[in-house]
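J.: Everything below, folded, please.
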Amino acid sequence: MEGAVVLDGFEPWVQRLTDAVGFRAVRQEVSWPNVEAELGIELPKDYKELVEVLGGGVISRAAIIYTAEPGDPYDLVGLWHSLETSYRENPWSRSRYQSYELYRPNSPGLLEWGSSTADDRYYWLVDPAGSKRWPILALSAERPPFHQFDMTASEFIWRVACDEEFSQFGVARHIQPPTFDDPEGNTYTAS
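T.: The predicted structure follows:
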């Protein structure tokens with residue numbers, strides 16, 4: 001495919017996503033040890049690669065992948081601290097998470113890693129006891145029950161942007177071709 005960049009050693013879903021949106025990937029340096037120390041857990045390799053390659057922006061005018069940039073409005077750690085404070089100080093906010101707790105170091109729970117422009121929320125169900133599984137729980141803006149997906153973050157975002165059968169959270173039936181709007185205001189799409 002012309003314009004595609006082979007990302008040696010990267011997850012195939014990251015490659016599929018960059019190919020789908022026509023983005024010429026440039027890997028960004030991210031201080032993962034600092035981010036993971038702050039969160040108290042090692043994040044999935046797939047998510048880290050997704051952030052290093054796409055580093056913010058919006059996929060298909062819908063999906064927002066949280067970054068690892070302090071001060072960014074979509075900074076994973078900053079948003080986690082904000083949600084944790086709200087959760088602790090405002091008991092009424094807990095009903096949003098239904099039967100789940102928010103993730104805290106050494107405690108299982110939800111860790112929000114992305115969202116949509118329609119106010120859908122994407123979480124991992126984190127088990128710091130050593131589980132290598134990172135199931136995704138997604139909550140639609142209409143707030144029905146959580147929907148669980150046993151897939152990586154990049155596969156989930158690819159399905160949101162490209163899979164017309166991914167009806168609950170997907171936009172592929174409405175927005176074609178898939179796009180990537182980077183933080184500088186540039187829009188990319190496969191030609």
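J.: so F169 makes contact with A138?
T.: Yes - contact criterion C-beta atoms under 8 Å: F169 and A138 qualify, at 5.5 Å. C-beta: built from backbone N, CA, C; applies to glycine.
J.: Comparing these two, which shows the higher neighbour count?
T.: Using other C-beta atoms under 10 Å, the more surrounded residue of F169 and A138 is F169, with 22 against 19.
J.: contacting residues around D182?
T.: By C-beta atoms under 8 Å, 6 or more residues apart in numbering, the residues touching D182 are F23, G55, G56, G57, Y188.
J.: ok, now V77?
T.: Counting by C-beta under 8 Å, 6+ apart, the residues that V77 touches are V35, E38, L39, A68, P70.
J.: Which one of those residues is nearest to P105?
T.: L39 (7.2 Å; C-beta to C-beta).
J.: gap between the closest one and P128?
T.: The spacing between L39 and P128, counted by C-beta to C-beta, to the nearest Å, is 10 Å.
J.: anything in contact with each of the two?
T.: Contact with both L39 and P128 is made by residues P105, according to C-beta under 8 Å, 6+ apart.
J.: So between those two, which is more surrounded?
T.: Neighbour tally, L39 and P128, criterion other C-beta under 10 Å: the higher count belongs to L39, 19 against 16.
J.: List the buried residues of stretch 34-46.
T.: Across stretch 34-46, burial judged by 16 or more other C-beta atoms under 10 Å covers V35, E38, L39, I41, L43, P44, D46.
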